[in-house]
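[1] I would like the atomic coordinates for the input below:
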Amino acid sequence: MPWSETTRMDERRRFIELLESCRFTMTELCESFGIARKTGYKWAERYVAEGLAGLEDRSRAPKRCPHATEGRCVEALVEERRRHPRWGPRKLLDRLGRRHPDWSWPAVSTAGAILKRHGLVPPRRRRRRRSTRCEKPVLQAHQPNDLWTTDFKGEFRLGNRQLCYPLTAMDQVSRYLLDCRARKSVAIAGARPVFEALFRRFGLPRAILCDNGTPFAAFQAPCRLSRLSVWWVRLGILPIFIQPGHPEQNGSHERMHRTLKAATARPPRQSFGAQQRCFDRFRQEYNTERPHEALELDRPAERYAPSLRPYPATLPEIDYPGHFEVRRVSSKGSIRWRQRKVFFSESLARERVGLEEIDDGLWSIYLADLLLGRYDERCGETEWL
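    Residues are numbered from 1 along each chain as shown. Next up, the predicted model:
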């Protein structure tokens with residue numbers, strides 16, 4: 001199955017569709033999409049005034065610039081470049097400045113931009129494009145265990161030709177590397193035992209930040225919940241997913257991965273056992289010996305303390321308020337609702353969900369405290385967040 005892709009325009013269209021459905025409040029939608037209410041109202045007003053065209057990004061270039069380069073300077077610069085195609089802007093400005101000392105010549109960087117705009121700069125080797133800043137905020141963590149970050153570092157082959165998938169988890173505030181575990185795949189069967197061991201050893205965090213890959217997320221499920229992240233919700237842990245294509249939202253974890261790769265995978269070890277011992281040595285050094293610049297040269301172990309929320313011996317049942325209608329999702333991912341079968345997701349199979357009526361025939365759907373979407377029993381339609 002191909003990866004699902006989304007763009008800013010897709011997100012804005014979906015925001016408007018959900019807003020027009022009248023099943024969500026502006027506050028709920030803005031919180032789900034990670035934008036301020038002011039931004040939400042801005043896109044709603046543009047859509048009313050201009051339709052879908054109003055959702056496109058607008059140019060932020062000023063309509064006039066009092067310090068724009070004079071036309072005669074531009075013409076002279078372009079003409080001189082054509083005479084001397086191997087000269088750069090610094091040389092060209094020096095020559096033209098001597099010829100016309102009373103003209104207002106631009107800076108070197110501006111001259112270079114003018115030449116590029118006129119097609120007089122040969123293309124260079126394409127550099128890696130840096131990610132742009134995103135609007136979606138990440139939970140602000142202030143204490144250890146407020147937010148853990150996790151990811152699978154890119155796979156690599158061991159000396160015996162087996163693929164190794166390192167699963168890493170780190171506390172964002174203290175930068176304490178909780179674990180780096182060699183796995184044979186990214187399947188949930190190998191990931192869940194790692195988190196169980198972490199929860200038993202360090203307790204439960206408030207939230208876990210991860211990307212949209214397997215086994216953390218499922219794009220077709222409500223709130224992108226996979227079986228693993230549903231389990232987190234059952235434990236009272238909020239899963240937070242970065243926006244697709246924006247690894248910088250988990251930047252501190254990605255930076256740790258670069259250090260991990262240089263220290264443990266160049267060259268790789270011969271077997272899983274040898275590679276795991278290498279990971280363990282790295283984790284010990286990273287936490288207790290290596291000064292961390294983000295911590296004012298403290299060691300992560302000096303800043304970290306285990307969580308006060310213990311891992312429960314048995315998974316507790318979700319307790320919904322008395323006015324909720326509670327249904328258990330079938331093994332196929334659906335519930336029965338007044339002679340109708342309503343499909344949720346196989347990720348929620350055998351979980352108890354709560355439905356709260358907020359208007360005549362309009363129901364909010366919850367998994368524990370997490371709002372999943374709205375169900376309109378009048379038309380049988382469901383909108384997921």
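[2] Only C-alpha atoms from now on, for both contacts and neighbour counts.
    Noted.
[3] so who does residue 235 touch?
    204, 315-316 (Cα atoms under 8 Å, 6 or more residues apart in numbering).
[4] same deal with residue 361?
    For residue 361, counting by Cα under 8 Å, 6+ apart, the contacting residues are 376-378.
[5] what does residue 118 give?
    residue 78.
[6] just checking, which of the contacts of residue 361 belong to strands?
    Among the contacts of residue 361, DSSP state E puts residue 376 in strands.
[7] Nearest to residue 259 among the contacts of residue 361?
    The shortest approach to residue 259 among the contacts of residue 361 belongs to residue 376, at 50.0 Å (Cα to Cα).
[8] what's the distance between that closest one and residue 357?
    Counting by Cα to Cα, to the nearest Å, the separation of residue 376 from residue 357 is 10 Å.
[9] Between those two, which contacts overlap?
    The contact lists of residue 376 and residue 357 share residue 363, where a contact means Cα under 8 Å, 6+ apart.
[10] could you pull out the strands for the stretch 51-200 of the chain?
    147-152, 156-157, 163-171, 177-183 (DSSP state E, counting those that start in this stretch).
[11] With respect to residue 266, which of those strands lies nearest?
    Using Cα to Cα, those put strand 156-157 closest to residue 266, at 10.1 Å.
[12] Please name the strands paired to that closest one in the sheet, noting orientation.
    Strand 156-157 sits in its sheet next to strand 163-171 (antiparallel), going by DSSP bridges.
[13] got the contact list for the helix or strand bottoming out on mean pLDDT in the chain?
    Every helix and strand of the chain was ranked by mean pLDDT, DSSP states H and E. The lowest is helix 89-99, at a mean of 80. Residues outside helix 89-99 that contact it (Cα under 8 Å, 6+ apart) are 76-77, 80-81, 103, 105, 108-109, 111-112.
[14] go with 10 Å
    Helix 89-99 is contacted from outside by 73, 76-78, 80-81, 84, 87, 101, 103-115, using Cα atoms under 10 Å, 6 or more residues apart in numbering.
[15] Same question for stretch 104-113.
    Contacts of stretch 104-113 (Cα under 10 Å, 6+ apart): 67-70, 72-74, 77-78, 88-94, 96-97, 114, 116-117, 119-121.
[16] got the end-to-end distance for it?
    Start-to-end, stretch 104-113 (Cα to Cα) is 16 Å.
[17] The strands of the stretch 51-200 of the chain: which one's closest to residue 333?
    Nearest of the strands of the stretch 51-200 of the chain to residue 333, taken as Cα to Cα: strand 147-152 at 26.8 Å.
[18] For the closest one, give the mean pLDDT please.
    Taken as a whole, strand 147-152 carries a mean pLDDT of 96.
[19] before we move on, what about stretch 251-261?
    When pLDDT is averaged along stretch 251-261, the result is 92.
[20] which other residues reach that stretch?
    Defining contact as Cα under 10 Å, 6+ apart, one finds that stretch 251-261 is touched by 148-154, 156, 166, 168-172, 175, 177, 180, 209-210, 247-248, 263, 266-268, 279, 282-283, 286, 294.
[21] Could you identify which of the strands of the stretch 51-200 of the chain is most buried?
    strand 147-152 (a mean of 25; mean count of other Cα atoms under 10 Å).
[22] which other helices and strands contact that strand?
    Judged by 3 or more Cα pairs under 10 Å, 6 or more residues apart in numbering; DSSP states H and E, strand 147-152 is in contact with strand 163-171, strand 177-183, strand 207-210, strand 238-241, helix 251-264.
[23] Tell me the helices and strands packed up against the second one.
    Counting contacts by 3+ Cα pairs under 10 Å, 6+ apart, the secondary-structure elements packed against strand 177-183 are strand 147-152, strand 163-171, helix 188-202, helix 251-264, helix 272-288.
[24] can you redo the ones you listed as TSV with distance to residue 372?
    Supplementary listing: the helices and strands packed on strand 177-183 in TSV, determined by distance: least, Cα to Cα, whole Å:
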stretch	distance to residue 372
strand 147-152	21
strand 163-171	26
helix 188-202	22
helix 251-264	27
helix 272-288	37
